[in-house]
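[1] how would this look folded up:
(chains A and B)
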Amino acid sequence: MKDPYETLGVARTASAEDIRKAYRRLAKKLHPDLNPGNNKLEEQFKEVASANALLSDPDKRQRFDSGEIDASGAERPRQRFYKDFAAEASAGHPYENRSGFADFADSDDFFAELLRRQAEQARRAPGQDLHYRLAIEFLDAVNGVAKRLTLPDGGTLDVTIPPGIEEGQILRLRGKGAPSAGEGEPGDALVEISVSPHRFFSRHADDIHLDLPITLTEAVLGSRVRVPTPAGAVTLTIPKGSNTGAVLRLKGKGVPRPGSHGDELVRLKVILPSQPDAELEAFLATWKPETNYDPRRDMQP
Amino acid sequence: MIISKLEFLDRTQLDLETLEVWIEEEWLVPSGTATDQAFSEADLARAKLIQDLMQDLGVNEEGVGVILNLLDQVHGLRRALADILQAARKRSTRPDASSRANLDE
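    Next up, the predicted model:
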């Protein structure tokens, strides 16, 4: 590691202003983005930049002068320079500008042909993909829906959402993106779907989960009750003696899929009357269970 | 990788107003829509370059536009030159390709 004062070409007594000026002078000459392709200068610039980082910070400079830290103390990983991105073959180059040498292509030789081919390629390049977000209701996500998006530019975009779409899924609408700058195909519109939660349904893969409150009577004696499903209410038979936590499966009432259907899983929850009930209390006070009835049997220490 | 406007502001330490001026000047051209702009790592590096120019190198606003325009042309030229060199190398590694084509005719 070279001496930072030497790197910047300033005296050890240099003022902050001197250091700033020295750095500015060197950076103008050495900045990698102003010298794309010259790796030797890039190395030099990194030295200069780290020397400047050390000496332009009064605290660090003082600690360096007193020998507390060495010159590498100011080194920090510099993020990639713009030229590195501009040189990448695969990346898009919205900024690259070739208008400055169109005159090369006037003649009819090998280079002119190459430039023409490049220009042709640029002309045929497809337009950009545009990204949108669309929030839909839980039930629309399960059952599918047709939506019309209003675009910021005033246009509209019709989106057909297939049944069973999931949170975060992205629909690609071919050709609905930005038009090509030249004569290429337009880009695609990419619509990211977000699904708002439902009041009582929840979704686990293709199954719908539902907590179903039932009365004590329905639990003990069994019953037939109407249960909501994403496709409408159906009748569910609650077997005699059903407990809180028992799960009943409604086959095929979950998320529709081509070929297969998810199920709706109904979890029962016994709810006592919200007001104290004198008759129920009187009955329970005299009630003697026939069998040993201790739900906490397994919890005994 | 796509960077949201908020994350971009955070990573460049720019204020919104400045960023909007830069976009207005077309120093930066984010993708996405006007209301939902998306930035790339290249945009981030370019913003850093603009900051270097203005803060470290003392370039004023007019100068930044001129420099970026010239730099974009330099990169265009560098790519064109790289393509040409590549094509020329391909030709020189297959020196007899054209003569064989003539024989086939």
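
[2] what helix or strand is the closest residue to chain B within chain A on?
    When scored by CB to the nearest CB, chain A has A:F85 as its residue closest to chain B, at 3.6 Å. In short, each C-beta sits where N, CA and C put it, glycine included. Here A:F85, judged by DSSP states H and E, is contained in helix A:82-86.

[3] elements contacting that helix?
    Contact analysis of helix A:82-86 by 3 or more CB pairs under 8 Å, 6 or more residues apart in numbering or on different chains; DSSP states H and E lists helix B:41-51, helix B:61-93 as its packing neighbours.

[4] let's see it at 7 Å
    Judged by 3 or more CB pairs under 7 Å, 6 or more residues apart in numbering or on different chains; DSSP states H and E, helix A:82-86 is in contact with helix B:41-51.

[5] Backbone torsions only: list them for residue 14.
    Picking chain A for this. When read as degrees, to the nearest 10, the backbone of A:A14 gives phi -60, psi 140.

[6] should've been chain B
    Dihedral angles (degrees, to the nearest 10) for B:L14: phi -90, psi 150.

[7] show me the contacts for it.
    B:A47 (CB atoms under 7 Å, 6 or more residues apart in numbering or on different chains).

[8] can we see that at 8 Å?
    Going by CB atoms under 8 Å, 6 or more residues apart in numbering or on different chains, B:L14 touches B:F8, B:W22, B:A47, B:Q51.

[9] and the third one, what is it in contact with?
    This points to B:A47. Here B:A47 is in contact with B:F8, B:T12, B:L14, B:W22, B:L28 (criterion: CB under 8 Å, 6+ apart).

[10] Quick one: the strands in the stretch 101-250 of chain A, in order.
    In the stretch 101-250 of chain A, the strands defined using DSSP state E, counting those that start in this stretch lie at A:130-136, A:145-150, A:156-161, A:170-173, A:189-195, A:201-204, A:207-215, A:223-227, A:234-238, A:247-250.

[11] Report how many residues lie close to the residue in chain B that chain A sits nearest to.
    Proximity of chain B to chain A (CB to the nearest CB) peaks at B:A42, 3.6 Å away. B:A42 has 20 neighbouring residues, counting by other CB atoms under 10 Å in any protein chain shown.

[12] same deal with A:D129?
    For A:D129, using other CB under 10 Å, the count is 18.

[13] quick one, what contacts it?
    Per CB under 8 Å, 6+ apart, neighbours of A:D129: A:G177, A:A178, A:G187, A:D188, A:A189, A:L190, B:S31.

[14] A:V225 against A:E218, yeah?
    Yes - between A:V225 and A:E218 there is a contact at 6.6 Å, judged by CB atoms under 8 Å.

[15] Surely A:R124 touches A:G182?
    Yes - A:R124 is within contact range of A:G182, at 6.2 Å (criterion: CB under 8 Å).

[16] For the residue nearest the centre of chain B, give its distance to A:R116.
    The centre of chain B sits closest to B:D72, judged by CA atoms, centre = their mean, with a distance of 6.1 Å. B:D72 is 21 Å from A:R116, where distance means CB to CB, to the nearest Å.

[17] show me where pLDDT drops low in chain B?
    Scanning chain B for pLDDT under 70 picks out B:1, B:34, B:93-105.

[18] Next, count neighbours for residue 70.
    Just so you know, I chose chain A. A:D70: 12 neighbours (other CB under 10 Å).

[19] oops, I was thinking of chain B
    Residues near B:L70, counting by other CB under 10 Å: 13.

[20] where does chain B come near chain A, residue by residue?
    Counting by CB under 8 Å from any CB of the partner chain, chain B comes close to chain A at B:2, B:29, B:31-36, B:38, B:40-42, B:44-46, B:48-49, B:52, B:56-58, B:67-69, B:71-80, B:83-84, B:87.

[21] What subset of these is buried?
    Using 16 or more other CB atoms under 10 Å in any protein chain shown as the burial test, the residues of chain B next to chain A include B:31-33, B:38, B:40-42, B:44-46, B:48-49, B:52, B:56-57, B:67-69, B:71-80, B:83-84 as buried.

[22] buried sites along the helix or strand of chain A with the lowest mean pLDDT?
    Lowest on mean pLDDT, DSSP states H and E among the helices and strands of chain A sits helix A:110-124, with a mean of 73. Buried residues in helix A:110-124, counted by 16+ other CB under 10 Å: A:L114, A:L115, A:Q118.

[23] measure the last one to B:G76 for me?
    Right, A:Q118. 10 Å.

[24] same question, A:R174
    30 Å.

[25] which helix in chain A runs the most residues?
    Identified as the longest helix of chain A according to DSSP state H is helix A:39-55.

[26] Remind me what the helix or strand that that helix is followed by packs against, helices and strands.
    On the C-terminal side of helix A:39-55, the closest following helix or strand by DSSP H and E is helix A:58-65. Helix A:58-65 is packed against helix A:39-55, with contacts defined by 3+ CB pairs under 8 Å, 6+ apart.

[27] Determine how far the helix it packs on lies from the middle of the whole chain.
    Distance of helix A:39-55 from its chain centroid, counting by CA atoms, centre = their mean, to the nearest Å, is 37 Å.

[28] Tell me the helices and strands packed up against it.
    helix A:4-8, helix A:16-30, helix A:58-65.

[29] Any stretches of the stretch 51-200 of chain A with poor pLDDT?
    Those would be A:71-79, A:88-94, A:98-108, A:110-111, if you go by pLDDT under 70 across the stretch 51-200 of chain A.

[30] Right, I'll leave it there.
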